[in-house]
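Student: Need a 3D model of the sequence below.
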Amino acid sequence: MDFDGQFFTLTSIEEVQDKANLKVVKTEPVILSLTPVDMSEADSPVPVPSMEASSSSSGSNTILLSSPDESGPCYRSKPWPFKFEIPVFSYDVDLALEAGKQAYENDGTLLNNPRVTSSILEKLAETIFGFTAYPTGVQILAVAEALVQKYPCLKEPGSFNGLYGWQQRIKYKMGNYRAKLRGRQLAIPELEVNTLKRRRFSEEGLPKGFKRPKKAEVNYLPPLPFGETEETLEKERLDLLKEIKKKNNERTINEKMEKSFALRRREVVNDCPEIQDLLERWPSLFCENQIKAEFKRITTMDLERTFLSRLDMYTTKLLEIFRRKGGTAGTKIKPMLDSVNEHHVDGRRDIIMRCLVEYLGESGEELIKDYQDISQEAVKEDCSNHMMKITVIHPSVAQETQDPVYVSVIIEGSEVLDDCRSVTNACLLLMGVIYTVNVRYPLKLKYTFEVFQKLFLELDILKMSAKVQSLHKKLLA
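Tutor: This is a model prediction of the structure:
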């Protein structure tokens with residue numbers, strides 16, 4: 001039977017009985033190769049993976065129909081955009097909006113169509129959920145601003161900026177959208193964890209511990225990979241304990257760490273284990289490469305490249321700002337700046353890190369503790385009561401001008417990362433650890449870590465404290 005080279009839909013094999021042969025060809029698995037993108041050169045912080053598919057050769061009269069790889073990761077791949085793009089609506093809604101836009105330009109008439117409003121909210125909720133299940137008030141405001149900017153006919157009458165009504169609608173629509181997804185009994189852990197059945201209760205019987213991203217995490221609590229269960233992923237974890245003892249086994253460890261990411265996040269977010277328990281259950285996690293990889297899984301951002309590129313971009317301005325600082329902070333900063341030209345790149349970065357803490361009115365000793373000519377064992381014992389600290393062991397006084405020989409990161413009294421090489425590297429790795437183990441910033445260093453997150457990593461930059469926003473304006477001046 002001749003189909004003139006056209007594709008067709010086969011609903012029953014009887015339609016082609018005695019007219020065609022069915023050939024089954026076994027194909028090789030699809031191989032995905034992810035290539036990192038330089039964030040400083042990209043227009044948006046969204047990494048674009050490249051895909052290479054290999055398939056077996058077949059006869060010239062055979063067409064291979066491939067299906068998506070259902071064993072791959074199913075978590076989000078995009079952070080919240082710097083500028084929210086309004087999605088494309090359905091054809092009829094788009095026609096109504098264009099007509100309303102034209103009428104607004106002609107005589108200022110506002111569009112008031114409940115059916116169009118409902119369709120817009122449904123599409124916006126679906127798009128927002130692609131970035132986060134729990135948008136902040138600032139993010140909702142950004143969506144409302146983008147909507148009204150693109151379609152001025154949707155301004156809210158009676159509102160001083162025409163946005164308040166849309167902010168409230170989007171807020172409640174997101175709540176309804178989450179409830180609808182839960183009602184479909186879909187496996188969405190970031191919604192399930194906040195149901196009354198799963199939440200913990202206080203002694204008074206009130207629910208507590210509402211869990212949602214607080215530091216712009218994109219994959220805060222991702223679903224398990226397709227075809228996997230907690231039992232199969234637990235087996236992967238046990239295999240990791242064996243693989244870490246082998247030499248030159250980084251590739252296998254990386255694959256298993258990627259596969260078990262969802263299980264690890266469930267433990268970290270749901271159970272809030274102590275750091276010592278995590279060190280015992282996931283020892284392969286606490287190394288420099290895996291901390292960077294885990295941070296990228298959580299935020300989709302490259303930790304080292306983003307942090308250092310932004311720090312280097314602001315270096316000249318930061319030095320100017322530090323030199324103009326007066327008062328007690330300026331007194332502490334000046335001796336450090338006097339020697340900045342005597343150091344190489346890493347040394348200058350370390351000085352900027354120390355000056356930044358003092359400039360923000362916080363104590364450098366709260367973040368970094370220096371030791372002189374002392375053993376690592378003695379340092380570990382001394383830091384056993386510190387919740388979060390970067391320790392730096394300097395050589396003897398005779399070699400004081402040399403770089404520190406040993407830098408480590410302490411969390412809850414345990415050394416989680418050793419031999420970090422420099423204070424700056426320890427700072428960016430500490431940020432990775434904070435996201436990895438889901439701990440809060442220390443209150444006495446809240447501005448320092450806010451700068452790390454929002455200025456150096458550009459995560460959740462829509463909302464800043466007054467002090468950090470003031471610094472940001474000076475850097476851009």
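
Student: C-alpha only now, for contacts and for neighbours.
Tutor: Noted.

Student: Which pLDDT value belongs to Tyr75?
Tutor: For Tyr75, the model assigns a pLDDT of 72.

Student: OK, contacts around it?
Tutor: Asn219, Pro222, Pro223 (Cα atoms under 8 Å, 6 or more residues apart in numbering).

Student: What segments of the stretch 251-400 of the chain are strands?
Tutor: In order along the chain, the stretch 251-400 of the chain carries the following strands (DSSP state E, counting those that start in this stretch): 368-372, 388-394.

Student: Note down every partner strand of the first one and its orientation.
Tutor: Translated: strand 368-372. strand 388-394 (parallel) (DSSP bridges).

Student: Highest neighbour count among the contacts of Tyr75?
Tutor: When neighbours are counted as other Cα atoms under 10 Å, the busiest of the contacts of Tyr75 turns out to be Asn219, with 25 neighbours.

Student: burial measure for the residue lying closest to that residue once chain neighbours are set aside, as a count.
Tutor: Leaving out its chain neighbours, the residue that sits closest to Asn219 by Cα to Cα, 6 or more residues apart in numbering is Ile298, at 4.8 Å. Here the number of neighbours of Ile298 (other Cα under 10 Å) works out to 24.

Student: wait, Ile298 sits on Lys215?
Tutor: No. Shown here, Ile298 and Lys215 do not form a contact pair, counting by Cα atoms under 8 Å, at 10.4 Å.

Student: And the helices in the stretch 201-350 of the chain, which stretches?
Tutor: Under the criterion DSSP state H, counting those that start in this stretch, helices of the stretch 201-350 of the chain are mapped to 230-243, 250-259, 261-266, 275-281, 288-299, 303-324, 327-338, 345-359.

Student: Just list what the fourth one packs against, helices and strands only.
Tutor: Packed against helix 275-281, as judged by 3 or more Cα pairs under 8 Å, 6 or more residues apart in numbering; DSSP states H and E, are the following elements: strand 414-417.

Student: after the strand it packs on, next one along is what?
Tutor: helix 423-437 (DSSP states H and E).

Student: State the mean pLDDT of that following helix.
Tutor: So the average pLDDT for helix 423-437 ends up being 95.

Student: which outside residues touch the helix or strand just after that helix?
Tutor: Next helix or strand after helix 423-437 toward the C-terminus (DSSP H and E): helix 446-451. Residues from elsewhere that reach helix 446-451, judged by Cα under 8 Å, 6+ apart: Leu356, Val357, Leu360, Glu362, Met431, Tyr441, Met464, Lys467, Val468.

Student: Buried only: go through these for me.
Tutor: Leu356, Val357, Leu360, Glu362, Met431, Tyr441, Met464, Val468 (16 or more other Cα atoms under 10 Å).

Student: And the last one, how far from Thr448?
Tutor: It refers to Val468. Using Cα to Cα, to the nearest Å, we find Val468 at a distance of 9 Å from Thr448.

Student: For Lys256, give me its contacts.
Tutor: So Lys256 contacts Glu236, Arg237, Leu240 (Cα under 8 Å, 6+ apart).

Student: Which of those residues ranks first by neighbour count?
Tutor: Ranking the contacts of Lys256 using other Cα under 10 Å puts Leu240 first, with 23 neighbours.

Student: Next one, pLDDT for it please.
Tutor: 92.

Student: Could you do Phe160 as well?
Tutor: For Phe160, the predicted pLDDT is 75.

Student: same thing with Lys180?
Tutor: According to the model, Lys180 carries a pLDDT of 90.

Student: got it, and Glu126?
Tutor: 93.

Student: And the lowest mean pLDDT element among the helices and strands of the protein?
Tutor: Within the chain, no helix or strand scores below strand 50-52, which has a mean of 39 by mean pLDDT, DSSP states H and E.

Student: still on that earlier bit, could the contacts of Tyr75 go into CSV alongside pLDDT and distance to Glu230?
Tutor: Output for the contacts of Tyr75, formatted as CSV (pLDDT from 0 to 100; distance: Cα to Cα, whole Å):
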residue, pLDDT, distance to Glu230
Asn219, 92, 18
Pro222, 91, 13
Pro223, 90, 11
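
Student: Among these, which one sits closest to Lys473?
Tutor: Checking the contacts of Tyr75 against Lys473 by Cα to Cα gives Asn219 as the nearest, at 30.1 Å.

Student: contacting residues around that closest one?
Tutor: Contacts of Asn219 (Cα under 8 Å, 6+ apart): Tyr75, Arg76, Arg297, Ile298, Thr299.

Student: swap in Glu85?
Tutor: Ala146.

Student: Distance of it relative to Ala125?
Tutor: Where Ala125 is concerned, Glu85 sits at a distance of 13 Å (Cα to Cα).

Student: Leu428 too?
Tutor: 34 Å.

Student: Make JSON lines out of the contacts of Lys256 and add distance to Gly130.
Tutor: Shown next, in JSON lines, are the contacts of Lys256 (distance: Cα to Cα, whole Å):
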{"residue": "Glu236", "distance to Gly130": "28"}
{"residue": "Arg237", "distance to Gly130": "29"}
{"residue": "Leu240", "distance to Gly130": "31"}
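
Student: Val407 in helix, strand or coil?
Tutor: strand (DSSP: H, G, I helix; E, B strand; the rest coil).

Student: Give me the neighbour count for it.
Tutor: Neighbours of Val407 (other Cα under 10 Å): 24.

Student: per-residue confidence for it?
Tutor: pLDDT at Val407 comes out at 91.

Student: list the contacts for it?
Tutor: Ile390, Thr391, Val392, Ile393, Asp418, Asp419, Cys420, Arg421, Ser422, Val423, Ala426.

Student: Need phi/psi at the fifth one.
Tutor: It stands for Asp418. phi -120, psi 160 (degrees, to the nearest 10).

Student: Hmm, it is touching Ser408, no?
Tutor: Yes. Using Cα under 8 Å, Asp418 is in contact with Ser408, at 4.4 Å.

Student: which one of these two has more residues nearby?
Tutor: Each of Asp418 and Ser408 has its neighbours counted (other Cα under 10 Å); Ser408 has more, 26 against 16.

Student: From Lys171, how far out is that one?
Tutor: In terms of Cα to Cα, Ser408 sits 43 Å off from Lys171.

Student: Next: Lys296.
Tutor: Taking Cα to Cα, one finds Lys296 at 28 Å from Lys171.

Student: Also Leu111?
Tutor: 21 Å.

Student: can you check Gly183 too?
Tutor: Counting by Cα to Cα, the gap from Gly183 to Lys171 is 19 Å.
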